[in-house]
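**Student:** What follows is a predicted structure for the sequence shown.
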Amino acid sequence: MKYPRTRLGLLWTAVLLPALNLPTALADDKSQATNLEPIVVTANLGPETAGESLSSVTVVRDEEIRRQESQEFKDLLRGQPGIDIVSNGSFGKNTSVFARGTSNDSTVFLVDGVRLRSATSGGAPWQYFPLKLAERVEIVRGPRSALYGSDAVGSVIQAFTLNPADGGRSGWIEAGAGNFDTQEVSGGVSVSGDSTRLSLSGLHKESDGTSIFEDGEDKGFRNSAGVGRLTHEFSRGGEASLVMVQSEGNSQFDGGNTDFMVRTLGLNLETPVSDYWLTSIQLSESADEQENFRDSGDSVFDTKSRDARWLNTVTLGVHEFVMGGELRVDEVDGSIEFVETSRTNAALFGQLRLNFGPTDLNLSLRGDDNEAYGKQETGGIALGHSFDRSHRLRLSYGTAFRAPTFNDLYYPLETFSFGGTYAGNPNLEPETSSAVELGFGGRYTAWYWDAAIYQTNVDDLIELQTTGGDTRPVNVSEAEIQGFELATGFSKDQWDLGLRLTLVDPRDEETDNRLRRRSHQSLRLDVDRALGDWSVGATFAASGYRYNDEDNEERLPGFGTLDLRAGWNFAEDWNARLSLQNVTDKRYSTALRFDGEEYLTAGTTGFFSIRRDFHGP
């Protein structure tokens, strides 16, 4: 059933009005706390606190990542505000991230500032990113094409890998094991001098996996990954850095297996031109290579994206102006003979950040020129006002677009074993969207809350259309997405609590059906308690029902899971952790195979690890 507009309005009013009536005494010195004010760099191409941002943002910091001991990146993202996860099973199986009701292709995934995605399918390889090697994850919701170009429609998610510590030497090693014959070993070392820092870290993980279909065989996963980072600070300011992340291995699925390799490589040079002007250059490359061994035949998909980005930041008092340009070249290779195997995109963009005491105004504009689908202009405007030192209101409007992928445009005609065919459509136009958002939040010494209500309209939606067994991507419809998000957290007296609530109604305007595989609601509750050398915690995550098909006939029921965890610092620099995911052994699915069979996720999953940290002069 479609949410009435009044229902979302009442939910917003119920949250907003009590906050507006909070006693001003509560906001006095309590807003000075820093433990609930993480720094965000993804939202506006520069550092700012979450409270200063005019966007809806979520930051998961290193202590939370280590404390939750999530086995896959999707487990960390699941239940975060506006984020819905769909997967074809556990342990490295195909994963999609739907942000604010948009498609998986409509979320940009960055690793240390480098975009990682497949140019053929368009989506990011979420299942292959090693969460163990990340120290922070930022989730910025809403349109960001004016800053990041195509595909930044629903969200931009950025993972930051481990950064070398300042001063001296340090390192760590960790080993763990769990059921499904899961084994993992990881470690890292960093060395820092007066102006140069070097760090290396890596992991190896293997698992026999579990069945992804009822009464099926176990499907395993193997992954080796590493991060290398070299940073040098110049005596007159600025720095140069080189960062490389690579993850490779094998993932088994029904009817075959995939050898994969994903990599990001970024060279950054940042230097001050004057006291008011900072310039930076980034040269980067990302690769997504997959070799699929199927019973029906083998295939190879190798894609690369090379980027050159120039950014200039000029500060004029409390105001800031950002101007930049970007050149990207996408290339594809493999066993499929695409009509076109490369395309170039050039862009110019700018952002103006103005501050007038308690009021902030952000303006952004970008123009993209792509040799495959032409020119696209996007922009955004955001206004924020602080009523006092704790409460802030924000209002924003932005446009975005999603580019058709190489598969969408150029995939050659293919006939499948079950009789159907698929082919690309070179006449596709990019999806375009506009979104408006109203948000309000409060931040105090021990707790915070943030709420947002939004509406996104998408035109020229790219969908697969089947006629007489022949399937083609076409621009066929429009979508309207309404949503509400609430996030709140509490940290005091060794307690850490976090609550996330999402209500979203993604609709095809023509049929009034819900967009396929999107849940309409989710809830996540994290509770952790430190007890001296011990710590305990739990996560409850629930998701509403969804439809696997665009006709809303194949309904998948909602579900809830409970995870438990415990940690013990049993000696100096030694730590042991035990995590139990889905302790109730809940059977659930978020997707169906083409024949209607459910893709099943793992039942109760246990993992025990021991870590040793090293420190030196």
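**Tutor:** On my side now, so go ahead. Since we're looking at a predicted model, the values are computed, not measured.
**Student:** CA atoms for contacts and neighbours, from now on please.
**Tutor:** OK.
**Student:** residue ranges of the strands in the stretch 201-350 of the chain, please?
**Tutor:** All strands of the stretch 201-350 of the chain, identified by DSSP state E, counting those that start in this stretch, fall at 218-233, 239-253, 256-272, 277-294, 299-316, 319-334, 342-356.
**Student:** what do you get for the stretch 501-617 of the chain?
**Tutor:** 521-531, 534-543, 546-547, 555-556, 559-571, 574-581, 605-616.
**Student:** Contact partners for residue 280?
**Tutor:** With contact taken as CA atoms under 8 Å, 6 or more residues apart in numbering, residue 280 is in contact with 268, 269, 270, 271, 310, 311, 312.
**Student:** how much space between the fifth one and residue 322?
**Tutor:** Relative to residue 322, residue 310 is positioned 11 Å away (CA to CA, to the nearest Å).
**Student:** In terms of neighbours, single out the busier of the two.
**Tutor:** residue 322 (21 against 18; other CA atoms under 10 Å).
**Student:** How far off centre is the strand ranked longest in the chain?
**Tutor:** For the chain, the longest strand by residue count, based on DSSP state E, is strand 470-492. Its chain's C-alpha centre and that of strand 470-492 lie 14 Å apart, by CA atoms, centre = their mean, to the nearest Å.
**Student:** That one pairs with which strands, and in what direction?
**Tutor:** Strand 470-492 sits in its sheet next to strand 421-422 (parallel), strand 447-467 (antiparallel), strand 495-508 (antiparallel), going by DSSP bridges.
**Student:** Report the distance from the shortest one to the chain centre.
**Tutor:** Remark: strand 421-422 is offset 31 Å from the chain centroid, using CA atoms, centre = their mean.
**Student:** One more: the second one?
**Tutor:** Relative to its chain's centre, strand 447-467 lies at 15 Å (CA atoms, centre = their mean).
**Student:** same deal with the last one?
**Tutor:** Computed by CA atoms, centre = their mean, the separation of strand 495-508 from the middle of its chain amounts to 15 Å.
**Student:** just so I know, which of the strands of the stretch 201-350 of the chain lies nearest residue 485?
**Tutor:** strand 342-356 (25.4 Å; CA to CA).
**Student:** Which elements pack onto the closest one?
**Tutor:** On a contact count with 3 or more CA pairs under 8 Å, 6 or more residues apart in numbering; DSSP states H and E, strand 342-356 meets helix 145-148, strand 319-334, strand 359-370.
**Student:** Those into JSON lines, with extra columns for distance to residue 68 and mean pLDDT?
**Tutor:** Converted to JSON lines, the helices and strands packed on strand 342-356 look like this (distance: least, CA to CA, whole Å; pLDDT from 0 to 100):
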{"stretch": "helix 145-148", "distance to residue 68": "30", "mean pLDDT": "95"}
{"stretch": "strand 319-334", "distance to residue 68": "36", "mean pLDDT": "96"}
{"stretch": "strand 359-370", "distance to residue 68": "35", "mean pLDDT": "96"}
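**Student:** For those, state which one has the densest average packing.
**Tutor:** Among those, helix 145-148 has the highest mean neighbour count (mean count of other CA atoms under 10 Å), at a mean of 26.
**Student:** so after that one, what's the next helix or strand?
**Tutor:** Where DSSP states H and E defines the elements, the next helix or strand beyond helix 145-148 is strand 155-161.
**Student:** what comes into contact with that next one?
**Tutor:** The contact list for strand 155-161 (CA under 8 Å, 6+ apart) reads 42, 99-100, 106-113, 133-144, 227.
**Student:** same thing with stretch 215-225?
**Tutor:** So stretch 215-225 is contacted by 91-92, 128, 130, 202-212, 245-254 (CA under 8 Å, 6+ apart).
**Student:** Could you give the average pLDDT over the longest strand of the chain?
**Tutor:** Throughout strand 470-492, pLDDT has a mean value of 92.
**Student:** swap in stretch 172-186?
**Tutor:** Averaging pLDDT along stretch 172-186 yields 96.
**Student:** can you tell me the distance between the two ends of it?
**Tutor:** End-to-end for stretch 172-186, by CA to CA: 8 Å.
**Student:** Kindly report the same for stretch 122-130.
**Tutor:** One end of stretch 122-130 sits 20 Å from the other (CA to CA).
**Student:** mean confidence score for that stretch?
**Tutor:** 95.
**Student:** And it, how far out from the chain middle?
**Tutor:** That offset, for stretch 122-130, works out to 10 Å (CA atoms, centre = their mean).
**Student:** and if you look at stretch 267-281?
**Tutor:** Relative to the centre of its chain, stretch 267-281 is centred 28 Å away, using CA atoms, centre = their mean.
**Student:** again, but for stretch 535-545
**Tutor:** On the basis of CA atoms, centre = their mean, stretch 535-545 sits 19 Å off its chain's mean C-alpha point.
**Student:** Let me see the contact set for residue 360.
**Tutor:** 353, 354, 383, 384, 385.
**Student:** Need the residue closest to the centroid of the chain.
**Tutor:** In the chain, the C-alpha nearest the mean C-alpha coordinate belongs to residue 157, at 3.3 Å (CA atoms, centre = their mean).
**Student:** so which helix or strand takes in the closest residue to that residue other than its chain neighbours?
**Tutor:** Excluding the flanking residues, the one nearest residue 157 by CA to CA, 6 or more residues apart in numbering is residue 139, at 4.6 Å. Assigned by DSSP H and E, residue 139 belongs to strand 134-141.
**Student:** Show me what that strand packs onto, helices and strands only.
**Tutor:** strand 56-60, helix 62-68, strand 155-161.
**Student:** quick one: that strand to strand 155-161, angle?
**Tutor:** 170 degrees (axes from the mean of the first three to the mean of the last three CA atoms, to 10 degrees).
**Student:** tilt between strand 134-141 and strand 56-60?
**Tutor:** With the same axes, to 10 degrees defining the directions, strand 134-141 sits at 170 degrees from strand 56-60.
**Student:** Could you give the average pLDDT over strand 134-141?
**Tutor:** Strand 134-141 carries an average pLDDT of 95.
**Student:** What are the contacting residues of that strand?
**Tutor:** Taking CA under 8 Å, 6+ apart as the rule, strand 134-141 contacts 40, 42-43, 55-62, 65, 82, 99-100, 154-163.
**Student:** Convert that strand to PDB, retaining C-alpha atoms only.
**Tutor:** C-alpha atoms of strand 134-141 as PDB (Å, rounded to 0.1, in the frame of the first residue of the first chain):
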ATOM      1  CA  ALA A 134      38.800   0.100   6.600                       C
ATOM      2  CA  GLU A 135      39.100   2.600   9.400                       C
ATOM      3  CA  ARG A 136      36.100   4.800   8.600                       C
ATOM      4  CA  VAL A 137      33.000   4.800   6.300                       C
ATOM      5  CA  GLU A 138      31.100   7.900   5.400                       C
ATOM      6  CA  ILE A 139      27.500   7.600   3.900                       C
ATOM      7  CA  VAL A 140      26.200  10.800   2.400                       C
ATOM      8  CA  ARG A 141      22.600  10.600   1.300                       C
END
